[in-house]
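# Provided below for reference: sequence and predicted model.
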Amino acid sequence: MSVDVGLAGFFAAMAPMLAGRTAARDVEAAIGPSASGTDALGFYAELVRRNLHKILSDVFPAVRAVAHHLHGDDRAWAGLVAAYGVAHPGRGGDPNRFAAAFPGWLRGRCEFTGPWAELAVELADYEWTRVLAYHARDTDGDGVEQRLFVRQYTCDIPALARAVQQASFASPAPRPHLVAIFRHARTLQLAVFQLGAAGLAALARRQGLAVPPALAALPDAAVRAAVVSLESAGVLAQRTSSLGAPPCHDA
């Protein structure tokens, strides 16, 4: 391969090919023939494509399952991966970060229709949030927006994510669903916790946040009990003596 174009010229020619926008012959026309051959040069683009496909498939298995269900095969999913790769080419040294913009980018895509148009976006948000929680750095305190995230979905999205990966695609009943998605404070396992009003008030008070009047009116005993439950479930770091554990599901 000729190096007369310099390093900047080399990357300027290679980057579009690796992103799937040009071919190996275009690279050779710009910087000279590849010593290993055109096909060998083009394999690098195929390698990148396969890696990007693997990253998104590993991070968003539920979204992929829905796409397969709606279209009967994986061609729609492969098209989504390719289009996303063009819109958001990978940067930096963490491959998982490539997937960061996918949930927002997915909104409005024609591959998902009917109720799945919104559900696919929520499934993607849930699956990406799990990645954030799992890979969060250990910090002092409760790790809100680091290992602990609060989400409200239009239905029980964690249950739906499990269902579609088991080939069950029944439409869930629409009902607002408030959950904590977190890495357990002690076991380090990913889990979800269904939050009620007292649990939400407990989280807010723990962070020193103002709460709406409806939550502020809750009895102190109910909020204190919620703190104990949240600590027992590993949602919050242990500060009080906890007895028993509330419903907490492996995610």
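Received, thanks. Worth saying up front: this structure is predicted, and the values here are computed from it rather than measured.

# what about L218, how many residues nearby?
When counting by other Cβ atoms under 10 Å, one arrives at 17 neighbours for L218. C-beta: built from backbone N, CA, C; applies to glycine.

# that should have said S171, apologies.
Applying other Cβ under 10 Å, we find 11 residues neighbouring S171.

# any idea how far L106 is from it?
Going from S171 to L106 by Cβ to Cβ, to the nearest Å gives 19 Å.

# got it, and G141?
32 Å.

# quick one, which of the two is more surrounded?
Each of G141 and L106 has its neighbours counted (other Cβ under 10 Å); L106 has more, 21 against 11.

# now do the contacts for that one.
63, 80, 112, 120-121, 124 (Cβ atoms under 8 Å, 6 or more residues apart in numbering).

# E111: neighbour count?
18.

# distance from the helix or strand hosting A30 to the middle of the chain?
Secondary structure from DSSP states H and E places A30 in helix 24-31. Between the centre of helix 24-31 and the centre of its chain there are 36 Å (Cα atoms, centre = their mean, to the nearest Å).

# stretch 76-91 now?
That offset, for stretch 76-91, works out to 15 Å (Cα atoms, centre = their mean).

# buried residues, that stretch. List them.
Neighbour counts over stretch 76-91 (16 or more other Cβ atoms under 10 Å) mark 76-78, 80-81, 84-85, 88-90 as buried.

# of the residues you listed, just say which sits nearest to A29.
Nearest to A29 among the buried residues of stretch 76-91 is P89, at 21.7 Å by Cβ to Cβ.

# measure that closest one to L52 for me?
From P89 to L52 the distance is 9 Å (Cβ to Cβ).

# which ones among the contacts of L106 map onto helices?
Within the contacts of L106, residues falling in helices by DSSP state H are 63, 80, 120-121, 124.

# dump the residues you listed into a markdown table; add distance to L195 as well.
Below are those laid out as a markdown table (distance: Cβ to Cβ, whole Å):
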| residue | distance to L195 |
| --- | --- |
| V63 | 24 |
| L80 | 31 |
| A120 | 23 |
| V121 | 21 |
| A124 | 21 |
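
# spatially, which two of the residues you listed are the most separated?
Farthest apart among the ones in helices among the contacts of L106 by Cβ to Cβ are L80 and V121. That separation is 12.5 Å.
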